[in-house]
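Novice: A structural model of the following input is requested.
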Amino acid sequence: MSNFNRRDFIKTSGTVAAGAIAAPMLNIRTAGAADSVKVGILHSLTGTIAIAEKSVVDAEMLAIEEINKAGGVMGAKIEAVVEDGASDWPTFAEKARKLLEKDKVAAVMGCYTSASRKAVLPVFEKLKGLLYYPTYYEGLEQSPNIMYTAQEATQSVIAAMEWLFKNKGKTFYMIGSDYIWPRTTIKIAKVTLARLGGKLVGEGYYPLGHIEFSSEINKIKAAKPDVILNCVVGGSNVAFFKQLTAAGITGKNQTILSLAVSEEEVSGIGADNTVGTLTCMGYFQSLKNPENEKFVKAFKAKYGANRVTGDTLSCGYTSVYLWKMAAEKAKSFEVEKVVAASANLEFAGPEGKIKFHGSNHHLWKHARIGAFRPDGQVDMIYESPLIEPNPFPKL
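Specialist: Sure, this is the predicted structure:
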């Protein structure tokens, strides 16, 4: 689990210009002569989801610092107002309302689980705010007030299932946390498996934060699947992978592909428990391109050489830049104008060249499959072409 660097934020709830002394609090919604613009950062810094979410804040703050050092957004320095959703969905909604009503932020980078996003969605729609959501999710949603900067489910699980079926086996056991993203993702996986002619030999779901998987692991051992598809999320993965290892199920003798485990989660799970297992993400720290090499170097320089990046970190970092680019294209911080300017907007970031869809607020994305190494990094095995987002698939 990453360490939340409080020196970069001064305090968990408050306003600070990244890399600078806090500027006066201003109500800025349109571009003008003002010297600052406020942006909300809303993630879980405590609770079971913090293992996956804390470091997204670090990446977003890095982007803000870089943008401020380069002159800001239309000459306005970004002030970050950081709030802790505390892995509690009503708290997310409460903090979203504060950011929009009291702090008057121009945009919010935030949420991780679909439950937290669903909790804040009506707040953003009612108050006409703008949320950049940086986490791979189930799709089945399109809001005029949300920009989705990670892959929706069809952009990861379909490619993963097709590759696994072709290369690793025909029988699958599927396990996930018990909420909308894992259940929808596994539903798409089962539809894909049926189309391919494979067989589902078992599935199970557990609440977020669950830590006892021994009975499910016994079922997995009895079913003897070719592939375990893992959609467990957050801190539960620590227990799940440690208990798999204790039961003799490892990447050496079993194909395990996770859809919610990146390099950042491995730092909490322990690389010895994940080595040889597979992951499907849009981004890996090991990607070779100039933008990613710059991002990784800057991240480690700011937060420590032992820190790692990952998919949601990349998406959070990219979100800030996408907002900046759209605001500058629109010549305004007004939400409707920023959203309109985002259509077909292209960006070369850590994961390579991406672009917003012309109408559905999602990004065209690569699906990438890789194997975890003993050091917790990923050796990429497969990379898809850019996949058009399809948030409303026929299931």
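
Novice: in this protein, what secondary structure element scores lowest on mean pLDDT?
Specialist: The weakest-scoring helix or strand in the chain, judged by mean pLDDT, DSSP states H and E, is strand 14-17 (a mean of 41).

Novice: in its sheet, what does the following helix or strand past it sit against?
Specialist: Counting by DSSP states H and E, the next helix or strand C-terminal to strand 14-17 is strand 36-43. Take DSSP bridges as the rule and strand 36-43 pairs in its sheet with strand 77-84 (parallel), strand 107-110 (parallel).

Novice: possible to save those as JSON lines with mean pLDDT and distance to H362?
Specialist: All C-beta spots, glycine's among them, are computed from the backbone N, C-alpha and C. Output for the strands paired with strand 36-43, formatted as JSON lines (pLDDT from 0 to 100; distance: least, Cβ to Cβ, whole Å):
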{"stretch": "strand 77-84", "mean pLDDT": "98", "distance to H362": "24"}
{"stretch": "strand 107-110", "mean pLDDT": "98", "distance to H362": "16"}
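
Novice: Those: which one's closest to D178?
Specialist: strand 107-110 (22.9 Å; Cβ to Cβ).

Novice: what comes into contact with the closest one?
Specialist: With contacts defined as Cβ atoms under 8 Å, 6 or more residues apart in numbering, strand 107-110 is touched by 39-43, 60, 85, 92, 96, 99-100, 116, 120, 124, 129-134, 316, 319-320, 323, 333, 335, 338.

Novice: about what we covered before: Serialize the strands paired with strand 36-43 to a markdown table and add fields for distance to A160 and mean neighbour count.
Specialist: Listed next are the strands paired with strand 36-43 as a markdown table, based on distance: least, Cβ to Cβ, whole Å; neighbours: other Cβ atoms under 10 Å:
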| stretch | distance to A160 | mean neighbour count |
| --- | --- | --- |
| strand 77-84 | 32 | 24 |
| strand 107-110 | 27 | 30 |
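
Novice: Kindly reformat those as a markdown table containing distance to V201.
Specialist: As requested, these are exported to a markdown table (distance: least, Cβ to Cβ, whole Å):
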| stretch | distance to V201 |
| --- | --- |
| strand 77-84 | 41 |
| strand 107-110 | 38 |
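
Novice: Of all those strands, which one comes closest to N273?
Specialist: Nearest to N273, of these and by Cβ to Cβ, is strand 77-84 at 28.2 Å.

Novice: And the next helix or strand past the closest one?
Specialist: helix 89-101.

Novice: pLDDT of that next one, averaged?
Specialist: Within the predicted structure, the mean pLDDT of helix 89-101 is 98.

Novice: and that helix, which residues are buried?
Specialist: In terms of neighbour count (16 or more other Cβ atoms under 10 Å), helix 89-101 has its buried residues at 89, 91-100.
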